[in-house]
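> The following block contains a protein sequence and its predicted model.
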Amino acid sequence: MKLQIKEKLASEILKVFPEGLTRTQLMALFEKPKNEKHGHLSMPVFFLAATLKKAPPIIAKDLCEKISELGITFLDEVTSVSGFINFKFKSHFLADELEQFIKAGAIGLTKKGEAKKMVIDYGSPNVAKPMNVGHLRASVIGQALRNLAESQGYEVVGLNHLGDWGVQFGKLVWAYQNWKQDYDFENQPFKSLFNIYVRFHAEAEKNPELNEFGAAKFRELEAGDPEILEIWKLFVDMSLVEYDKIWARLGVKHDLVRGESFYSDQLDDLIDKIKEAGLLEKSEGAFVVSMDDDRPPCLIQKSDGASLYATRDLASAIYRKEVLGCDLNVYVTGVDQKLHFSQVFTVLEKMNYDWVSECSHIMFGMYRFKDSGKMSTRKGRAIFLEDILNQSVEKVKGIIQEKNPDLKNIEEVAEIVGVGAIIFNDLANDRIKDVDFEWDKILNFSGNSGPYVQYTAVRCKSIMRKSTIPVPERFPSMPQFEEAELDLVLRLLNYETTLGEAFKHSKPNYVAAYLLELCQSYNSFYNKCKVLSDDPRLTQKRLYLVDATQKVITEGLKILNIKTPEQM
RNA sequence: GCGCUCGUAGCUCAGCUGGAUAGAGUACUUGACUACGAAUCAAGUGGUCGGAGGUUCGAAUCCUUCCGAGCGCGCCA
């Protein structure tokens, strides 16, 4: 239920509760009734049993009577069932609230996080490797969290923490210098780069000496050898072109590319700082910072002097705070990096950076294959993201040709629906859970799916196209609701809190679940209530609801980074 | 071996800080297009919430333990 409604109700009923309770505390108690017949909003009173020394059902009954005596104008009914107080609002009140909600320019936006700055790092693939299903999650979850943060009033800086530094670039440079003539870098730069990468690892299996060559090249790269640097830059550029193509399709937008290489000239200072803090220890030839518990130490510098992933992440965290000035620093990566980030955060804490509490690692489960287990690009065991998107779009094209062959811009719509289906499918599940990769599953558009939500919005738009009456600016003065209408109104009023909860828990799937519920409610309404009728006032009222639904679906899908077509 | 995460209907999954009779989709059985698009809707079948203890007025949710799966565990990122 809308925040303003909770505020209003809490203010009114506060006086009947025992002293000491605040309005905010009261507001936190409101919940959505499990069974909609109970009411529009409910409040359990079990928490008062201990202080009042009475049984919850009696407390509920007493409070219920007192609330009734207050004569709150916008309340229709207050009832008590076992330990709950259930509220029903007057229809005109709900209509007013809906109108204000829809009128408020940017639907669902709040100013809560105003002036706060969030830096969020997401997507971040590794140069030379094509994006796979795993990057789908990293990109799409990250972008959704970013959108959610913006909806809550945060200023967001989206960072592409490109994996463009490390020994593998030494390896790639070595491979390029020795084998480039075997590939068509001219016409197929990225494909060639990937092939040369796979070849290197295959040959290094047989001939481990190659790894030494690669490591040596990386040391030269880190030392700033201009010729090697130039080759490295080539790799990065080739890769970014490819990634940007896919991100454009997914609607993923970063504000800054700050690859690992960006921090390479800050690492000496960083290591000095760690040393000054007395944290740096030599262990087995390498430099580490030890944890105070049973976690393994955090590797800072390899025995050959080269930097490591953690070294660059430490520099990056400091950069995000001191240069970008973030109030929140969020990393979106797979669960497999959990230990890494816990180590990095601990090192920051030991360096007395108290802002480490503002850093959070939002992790997501891994895609895996049922038979062969974890995917590995190196071993060629991966499903490329581009293939998934293409297959999905193709499948949608087939469905459109069957269901709506006269549609004009089939290509464009198939792209919106096909890509949307993939995104929705991923975001609809709790991000922490692992996902078994199966083509049938990822290309299944029936039931609870992106296309279902898009289709619902499309049908709303269709009604409005057909209507000869324009959508009224204000809610028509005919607010008595039929059951299906009321259900729809209540769901529409839940949008705002859904965004807040989704942001609070960093769970885009709350938004997906909400949209599915809203669509079910709308479709039920659609089948029961004829919108365009002979009664102009009734038509206006229902048209208003159709338009509101369409707007909320479009906004909600936007949060999930999914577009809404006009027709499909 | 140690650490972390997950285990909910035949299948795929929701379930918000513990709250009312555990919910969707799918599959299966029915019904609704001379209706604003049937990629829809309505109804039915289907659950010892992995097992066992515990905390609580109340547990799918918190704690302990066992079982199963996944991930991680020093010079990759």
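Sure, I can see it. Numbers count the residues shown, from 1 in each chain, chains lettered A, B, ... in the order given.
> Give me the number of neighbouring residues for whichever residue of chain A sits closest to RNA strand B.
Of all residues in chain A, the one sitting closest to RNA strand B is residue A:447 (1.8 Å; C-beta to the nearest atom of the strand). To be clear about C-beta, it is placed using only N, CA and C from the backbone, and glycine gets the same treatment. By the criterion of other C-beta atoms under 10 Å, residue A:447 has 8 neighbours.
> Sort out which residues of the helix or strand containing residue A:28 are buried, please.
For residue A:28, the host element (DSSP states H and E) is helix A:23-29. By neighbour count on 16 or more other C-beta atoms under 10 Å, the buried set for helix A:23-29 is A:23, A:26, A:27, A:29.
> Same question for stretch A:95-105.
When burial is assessed from 16+ other C-beta under 10 Å, stretch A:95-105 yields the following buried residues: A:95, A:97, A:98, A:99, A:101, A:102.
> As a markdown table, those with distance to RNA strand B and secondary structure would be great.
A markdown table is the format used below for the buried residues of stretch A:95-105 (distance: C-beta to the nearest atom of the strand, whole Å; DSSP: H, G, I helix; E, B strand; the rest coil):
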| residue | distance to RNA strand B | secondary structure |
| --- | --- | --- |
| A:95 | 20 | helix |
| A:97 | 19 | helix |
| A:98 | 20 | helix |
| A:99 | 21 | helix |
| A:101 | 18 | helix |
| A:102 | 20 | helix |
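> Could you export those residues to CSV, including columns for distance to residue A:391 and pLDDT?
Converted to CSV, those look like this (distance: C-beta to C-beta, whole Å; pLDDT from 0 to 100):
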residue, distance to residue A:391, pLDDT
A:95, 45, 94
A:97, 44, 93
A:98, 40, 93
A:99, 44, 93
A:101, 39, 90
A:102, 38, 90
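> And these, which is closest to residue A:432?
Nearest to residue A:432 among those: residue A:101, at 31.3 Å, using C-beta to C-beta.
> Tell me who's in contact with that closest one.
Residues in contact with residue A:101 (C-beta atoms under 8 Å, 6 or more residues apart in numbering) are A:2, A:107, A:492, A:493, A:495, A:496.
> what's the burial count for residue A:390?
15.
> Next: residue A:516.
The burial count for residue A:516: 18, using other C-beta under 10 Å.
> Likewise for residue A:533?
Other residues within reach of residue A:533 by the criterion other C-beta under 10 Å amount to 11.
> Would you mind confirming that it makes contact with residue A:539?
Yes - taking contacts as C-beta atoms under 8 Å, residue A:533 lies within contact range of residue A:539: 5.3 Å.
> What residues does residue A:57 make contact with?
So residue A:57 contacts A:80, A:82, A:83 (C-beta under 8 Å, 6+ apart).
> In PDB, could you pull the C-alpha coordinates for the one helix or strand residue A:496 maps to?
Using DSSP H and E, residue A:496 falls within helix A:495-504. This file holds the C-alpha atoms of helix A:495-504, laid out as PDB (Å, rounded to 0.1, in the frame of the first residue of the first chain):
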ATOM      1  CA  TYR A 495       3.700  -0.200  -6.800                       C
ATOM      2  CA  GLU A 496       5.600   2.400  -4.800                       C
ATOM      3  CA  THR A 497       6.200   0.200  -1.700                       C
ATOM      4  CA  THR A 498       7.300  -2.600  -4.000                       C
ATOM      5  CA  LEU A 499      10.100  -0.400  -5.400                       C
ATOM      6  CA  GLY A 500      11.200   0.500  -2.000                       C
ATOM      7  CA  GLU A 501      11.300  -3.100  -0.800                       C
ATOM      8  CA  ALA A 502      13.000  -4.200  -3.900                       C
ATOM      9  CA  PHE A 503      15.700  -1.600  -3.400                       C
ATOM     10  CA  LYS A 504      16.100  -2.200   0.300                       C
END
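> Let me see the mean pLDDT of it.
Averaged over helix A:495-504, pLDDT sits at 92.
> Just the C-alpha atoms of whichever helix or strand comes after that helix, please, in PDB.
For helix A:495-504, the following helix or strand on the C-terminal side (DSSP H and E) is helix A:509-528. Output of helix A:509-528 as PDB, limited to C-alpha atoms (Å, rounded to 0.1, in the frame of the first residue of the first chain):
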ATOM      1  CA  ASN A 509      12.500 -10.200  -8.500                       C
ATOM      2  CA  TYR A 510      10.100  -8.300  -6.200                       C
ATOM      3  CA  VAL A 511       9.300  -6.000  -9.100                       C
ATOM      4  CA  ALA A 512       8.900  -8.900 -11.500                       C
ATOM      5  CA  ALA A 513       6.500 -10.600  -9.100                       C
ATOM      6  CA  TYR A 514       4.600  -7.400  -8.600                       C
ATOM      7  CA  LEU A 515       4.100  -7.000 -12.300                       C
ATOM      8  CA  LEU A 516       2.800 -10.500 -12.700                       C
ATOM      9  CA  GLU A 517       0.300  -9.900 -10.000                       C
ATOM     10  CA  LEU A 518      -0.800  -6.600 -11.500                       C
ATOM     11  CA  CYS A 519      -1.200  -8.200 -14.900                       C
ATOM     12  CA  GLN A 520      -3.300 -11.100 -13.500                       C
ATOM     13  CA  SER A 521      -5.500  -8.600 -11.700                       C
ATOM     14  CA  TYR A 522      -5.800  -6.500 -14.800                       C
ATOM     15  CA  ASN A 523      -6.600  -9.500 -17.100                       C
ATOM     16  CA  SER A 524      -9.200 -10.600 -14.700                       C
ATOM     17  CA  PHE A 525     -10.700  -7.100 -14.700                       C
ATOM     18  CA  TYR A 526     -10.500  -7.100 -18.500                       C
ATOM     19  CA  ASN A 527     -12.500 -10.200 -18.800                       C
ATOM     20  CA  LYS A 528     -15.200  -9.200 -16.300                       C
END
